[in-house]
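> Give me coordinates for this.
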Amino acid sequence: MNFAVLVFPGSNCDVDMYKAVLDTIEQSVEYVWHLETDLSKYDAILVPGGFSYGDYLRPGAVASLSPVMEQVKIAAEEGKLVLGVCNGFQILTEAGLLPGALRRNQRLKFHCDTIDLTVENNQTPFTLEYQEGETIRIPIAHGDGNYYCDQETLEQLEQNNQIVFRYKGTNPNGSISEIAGVINERGNVLGLMPHPERAVHKWLGTDDGKRMFSSILSYWRQQHGTA
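Alright, predicted model coming up:
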């Protein structure tokens, strides 16, 4: 399986994402600069966290207009897997690949911690190896993680089971309905604020993020008859 880790000016979690793929599932992975105009060789595209373009205008806004994002849209339309984490989640919403928007944290402060999440939907390509309702611990590090959508969109997300993760116990940023991660209606584009790539070894404090990467590989193998 071939993974692409997109790199924008200001990305700072690209190395973490790259190493997470190698350390957890040992698949082919490459950095892809934001000016790239061909992603056809990749089976999954990872959009990492950081501060793309210094968060000018608003986080993810400028990066969403980069040439590579047109190719991400094409890949998503083809059914390829796209995962956006933190700033990557912001980029995917700005690009229209996911519903809603990410606003400033409710308390207007950067929040860095390891928190509890509830797995709301384990029937996605990204969560096959989790249990529905399971509590997992994943790090967060963001100042603009307050997920918002209007009431109609929220109802659609609920009805379509598109809310994949919710904050449990503590809502660190004021996200509506405690939403930490959502998926598109087709089920192949996931965005979440917490960082699974920072949770792949027990010595990091938790390895609960490891199963997200192994779920992606398991799904791909099922689709290609190599499971």
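> C-alpha from now on. contacts and neighbour counts both.
Noted.
> Which secondary structure elements does the lengthiest helix in the chain sit against?
Scanning the chain for the longest helix, with DSSP state H as the assignment, gives helix 210-223. Helices and strands in packing contact with helix 210-223 are listed as helix 14-24; criterion 3 or more C-alpha pairs under 8 Å, 6 or more residues apart in numbering; DSSP states H and E.
> contacts for the longest helix of the chain?
Counting by C-alpha atoms under 8 Å, 6 or more residues apart in numbering, helix 210-223 makes contact with 1, 20-21, 24-25, 125-130, 196-197, 199-201, 227, all of which sit outside it.
> What of stretch 146-154?
Stretch 146-154 is contacted by residues 99-106, 173-176, 179-180 when judged by C-alpha under 8 Å, 6+ apart.
> where along the chain do the strands fall?
Secondary structure of the chain (DSSP state E): strands at 2-7, 28-33, 44-47, 81-85, 101-103, 111-119, 135-142, 146-148, 163-167, 179-183, 189-192.
> Which ones among the contacts of helix 210-223 map onto helices?
Filtering the contacts of helix 210-223 for helices - DSSP H - leaves 20-21, 24.
> can you tell me how far Val5 sits from Ala95?
With distances defined as C-alpha to C-alpha, to the nearest Å, the gap from Val5 to Ala95 amounts to 17 Å.
> More neighbours: these two, which one.
Set Val5 next to Ala95 and count neighbours by other C-alpha atoms under 10 Å: Val5 wins out with 25 against 21.
> Which residues are in contact with that one?
For Val5, the residues meeting the contact criterion (C-alpha under 8 Å, 6+ apart) are 14, 17-18, 29-32, 45-48.
> need these in TSV with distance to Ile138, pLDDT and neighbour count, can you?
Putting the contacts of Val5 into TSV (distance: C-alpha to C-alpha, whole Å; pLDDT from 0 to 100; neighbours: other C-alpha atoms under 10 Å) gives the following:
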residue	distance to Ile138	pLDDT	neighbour count
Asp14	17	98	22
Met17	14	98	25
Tyr18	18	98	21
Val29	23	98	21
Glu30	24	98	14
Tyr31	24	98	15
Val32	26	98	20
Ile45	21	98	24
Leu46	17	98	25
Val47	17	98	29
Pro48	15	98	29
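> so Lys73 sits right up against Leu97, yeah?
Yes. In this structure, Lys73 sits in contact with Leu97. The criterion is C-alpha atoms under 8 Å, and the distance is 7.2 Å.
> coming back round to it: distance to Met212 added to the strands of the chain, as CSV?
Formatted as CSV, the strands of the chain follow (distance: least, C-alpha to C-alpha, whole Å):
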stretch, distance to Met212
strand 2-7, 14
strand 28-33, 16
strand 44-47, 12
strand 81-85, 10
strand 101-103, 22
strand 111-119, 11
strand 135-142, 11
strand 146-148, 21
strand 163-167, 12
strand 179-183, 13
strand 189-192, 11
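> Among the ones you listed, which comes closest to Pro67?
Distances from Pro67 to each of the strands of the chain were compared by C-alpha to C-alpha, and the smallest falls on strand 28-33, at 9.7 Å.
> Which other helices and strands does that closest one contact?
Applying 3+ C-alpha pairs under 8 Å, 6+ apart, we find strand 28-33 packed against strand 2-7, helix 14-24.
> Much appreciated, bye for now.
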